[in-house]
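Asks: coordinates only, sequence not included:
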Ligand code: ASP
């Protein structure tokens with residue numbers, strides 16, 4: 001872990017806004033979230049508006065309608081949102097042709113008695129709610145997909161064809177909320193749902209403790225309820241970075257895949273205003289924004305020697 005991260009740990013003070021998100025592309029979302037809070041809009045508005053910025057970026061090939069299509073050439077998106085103060089959540093999965101899945105997820109949370117809508121039901125709900133939609137021209141997308149990839153690869157995990165924006169916000173009152181959005185694994189089987197819209201897997205918020213979000217290979221996140229696990233480690237008193245590392249260590253101790261092949265990356269913040277991130281391999285970058293600074297940082301990289309006798313990390 002770099003000294004920059006160490007020193008920045010101390011920068012974040014409790015009850016000053018803190019926004020943490022996955023990847024460098026989260027930074028623009030963080031800044032929008034901070035602006036939203038500064039305009040006195042709500043915590044949930046900050047999460048939603050921040051993620052909408054990333055979803056709207058046409059150059060982003062893993063989040064939003066410009067994300068990579070599935071094996072049938074259709075972009076199916078996953079998103080969720082969770083509010084700490086009332087522990088409410090909403091999510092959409094395998095939704096097609098909706099420009100802002102994060103808004104659809106929020107509407108599920110606020111305007112239905114449900115937590116999760118999937119597939120065409122989710123799309124029809126979003127359209128009824130008046131959300132921006134587009135006709136899905138799967139034929140055209142399919143051709144583009146074949147041209148770019150040469151072959152659809154639903155059963156192997158091709159490199160660098162997925163990422164998620166998970167964005168966590170701590171406001172000045174010490175309340176926490178978060179959300180995530182992704183087009184998931186490029187070339188996935190139609191109907192595949194990843195970790196991102198599953199509460200406790202791709203995202204978890206506990207207003208008493210903190211929040212965590214995931215990016216990486218969803219299949220390796222959702223089998224372990226990994227974001228929930230990160231939050232539970234923070235509940236035990238671990239620093240967010242240690243909680244992320246300990247979660248990777250625990251999964252790595254069970255899973256026969258090499259840590260590199262697990263493709264696990266987590267961001268986390270706690271109620272005290274501390275934050276951190278870790279990846280099962282090196283090179284996981286995340287974005288951190290406060291009123292004083294907005295930066296892209298390197299997450300801690302897990303190594304096998306971090307695994308203790310009980311599968312936890314030894315630090
Ligand atoms: N976790 C996402 C999924 O499996 C993709 C990613 O974040 O890289 O759909």
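Replies: Done, it's in. None of these values were measured; they are calculated from a predicted model. Residues are numbered from 1 along each chain as shown.
Asks: and stretch 172-183, what's buried?
Replies: Using 16 or more other Cβ atoms under 10 Å as the test for burial, stretch 172-183 gives 175-183. (Each C-beta comes from the backbone N, C-alpha and C, glycine too.)
Asks: tell me the spacing between residue 98 and residue 104.
Replies: As for residue 98, its distance to residue 104 is 6 Å (criterion: Cβ to Cβ, to the nearest Å).
Asks: overlap in contacts of these two?
Replies: Residues within reach of residue 98 and of residue 104 at once, by Cβ atoms under 8 Å, 6 or more residues apart in numbering, are 92, 122, 126, 131.
Asks: now list the buried members of these.
Replies: 92, 122, 126, 131.
Asks: wait, a helix at the last one?
Replies: No - under DSSP: H, G, I helix; E, B strand; the rest coil, residue 131 falls outside any helix and is assigned coil.
Asks: hmm, residue 99 and it touching each other?
Replies: Yes - Residue 131 lies in contact with residue 99 (Cβ atoms under 8 Å); the separation is 7.2 Å.
Asks: so what's the residue nearest in space to the middle of the chain up against?
Replies: Nearest residue to the geometric centre of the chain (Cα atoms, centre = their mean): residue 166, 2.5 Å. Counting by Cβ under 8 Å, 6+ apart, residue 166 touches 21-22, 26, 178-180, 196, 202-203, 213-215, 267.
Asks: which ones among those map onto helices?
Replies: In helices, judged by DSSP state H, the following of those are found: residue 26.
Asks: which among the contacts of residue 166 are in contact with the ligand?
Replies: For the ligand, the contacts drawn from the contacts of residue 166 by Cβ under 6 Å from any ligand atom are 196, 215.
Asks: distance of residue 77 relative to the ligand?
Replies: Between residue 77 and the ligand the distance is 10 Å, computed by Cβ to the nearest ligand atom, to the nearest Å.
Asks: do the same with residue 224
Replies: Going from residue 224 to the ligand by Cβ to the nearest ligand atom gives 13 Å.
Asks: measure how buried the nearest residue to that residue once chain neighbours are set aside is and give me the count.
Replies: Using Cβ to Cβ, 6 or more residues apart in numbering and skipping residues adjacent in sequence, the residue nearest residue 224 is residue 251, 5.2 Å away. For residue 251, the neighbour count with other Cβ atoms under 10 Å is 22.
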